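> with the input below, show me the fold.
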Amino acid sequence: MIIYQNLKPKKIHEDLLDGFIRNQTTYRVKYLEDGVLKEKEDQFTENWNQSRLREISNGMKNIVLKGGKLIVAKKKGKVIGFACLENEMFNDGYLNLDIIQVSKPYRRQGIGKQLFLLIEKEAKKLKAKKLYISGHPNIHTQAFYKKMGCVLAKQINQELYENEPLDIHLEKELK
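Below you'll find the predicted structure:
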């Protein structure tokens, strides 16, 4: 059974993500050219080691301490998915979905969708009009966001763009 929890800062420790498997091999990516999403071959693999997982845990705790939200999916007490929402509004109503991930063995089971829907609810409670997503260019990641109703961002957050210039910057209107 998978349990979804909205974590408070005191429940977010640096070992929160120990055992989480972030392994993704990309073969094709989306890229933006002249306002049109295109696709090309690009092969690389990303793995997060324990140090990176702890860095992410600490970063998410800082976001929650500032009023953001962290929702985790747990199975047998271990985090198998998570989504973190910042609390700093920009561009007249956008909130940044800082990160959303599902551990490799648990992908394609609806966990990412459930996390996304729960984060949408939290963003609405915070009076956001839109979610902003700086999404990995992997074609499968982009297909997920499209399925969730995301479109190319109408207003680019320059700071986020400079941090991840190869990402596809998306938004999701909240109704």
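> where do the strands sit along this protein?
Under the criterion DSSP state E, the chain contains strands at 2-6, 23-33, 36-47, 69-75, 78-85, 94-102, 130-135, 151-152, 168-173.
> make a markdown table from those strands and add distance to residue 110 and mean neighbour count to it.
Every C-beta, even on glycine, is put in place using the N, C-alpha and C of the backbone. Shown next, in a markdown table, are these (distance: least, C-beta to C-beta, whole Å; neighbours: other C-beta atoms under 10 Å):
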| stretch | distance to residue 110 | mean neighbour count |
| --- | --- | --- |
| strand 2-6 | 9 | 14 |
| strand 23-33 | 18 | 14 |
| strand 36-47 | 23 | 11 |
| strand 69-75 | 10 | 21 |
| strand 78-85 | 10 | 23 |
| strand 94-102 | 10 | 23 |
| strand 130-135 | 19 | 23 |
| strand 151-152 | 22 | 12 |
| strand 168-173 | 18 | 20 |
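> turn those strands into JSON lines, columns for mean pLDDT.
Putting those into JSON lines (pLDDT from 0 to 100) gives the following:
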{"stretch": "strand 2-6", "mean pLDDT": "97"}
{"stretch": "strand 23-33", "mean pLDDT": "93"}
{"stretch": "strand 36-47", "mean pLDDT": "93"}
{"stretch": "strand 69-75", "mean pLDDT": "98"}
{"stretch": "strand 78-85", "mean pLDDT": "98"}
{"stretch": "strand 94-102", "mean pLDDT": "97"}
{"stretch": "strand 130-135", "mean pLDDT": "97"}
{"stretch": "strand 151-152", "mean pLDDT": "96"}
{"stretch": "strand 168-173", "mean pLDDT": "97"}
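> what does stretch 65-83 rub up against?
Identification of contacts with stretch 65-83 by C-beta atoms under 8 Å, 6 or more residues apart in numbering yields 1-7, 9, 12, 16-17, 19-20, 60-61, 63-64, 84-88, 97-103, 105-106, 111-112, 114-116, 118-119, 122, 126.
> how far out from the middle of the chain is that stretch?
Taking the mean of its C-alpha atoms, stretch 65-83 sits 12 Å from the chain's own mean (C-alpha atoms, centre = their mean, to the nearest Å).
> C-alpha coordinates for it, PDB please?
C-alpha atoms of stretch 65-83 as PDB (Å, rounded to 0.1, in the frame of the first residue of the first chain):
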ATOM      1  CA  LEU A  65      10.600  26.000   6.100                       C
ATOM      2  CA  LYS A  66       9.800  29.000   3.800                       C
ATOM      3  CA  GLY A  67       6.200  27.900   3.500                       C
ATOM      4  CA  GLY A  68       6.500  25.500   0.600                       C
ATOM      5  CA  LYS A  69       5.000  22.000   0.500                       C
ATOM      6  CA  LEU A  70       6.600  18.600   0.300                       C
ATOM      7  CA  ILE A  71       4.400  15.600  -0.500                       C
ATOM      8  CA  VAL A  72       6.000  12.100  -0.400                       C
ATOM      9  CA  ALA A  73       4.700   8.700  -1.500                       C
ATOM     10  CA  LYS A  74       5.800   6.000   0.900                       C
ATOM     11  CA  LYS A  75       5.800   2.200   0.800                       C
ATOM     12  CA  LYS A  76       6.800   0.200   3.800                       C
ATOM     13  CA  GLY A  77       8.100   3.400   5.400                       C
ATOM     14  CA  LYS A  78      10.400   4.300   2.500                       C
ATOM     15  CA  VAL A  79      10.000   7.300   0.200                       C
ATOM     16  CA  ILE A  80       9.300   6.100  -3.300                       C
ATOM     17  CA  GLY A  81       8.200   9.400  -4.800                       C
ATOM     18  CA  PHE A  82       8.100  13.100  -3.900                       C
ATOM     19  CA  ALA A  83       7.000  16.500  -5.100                       C
END
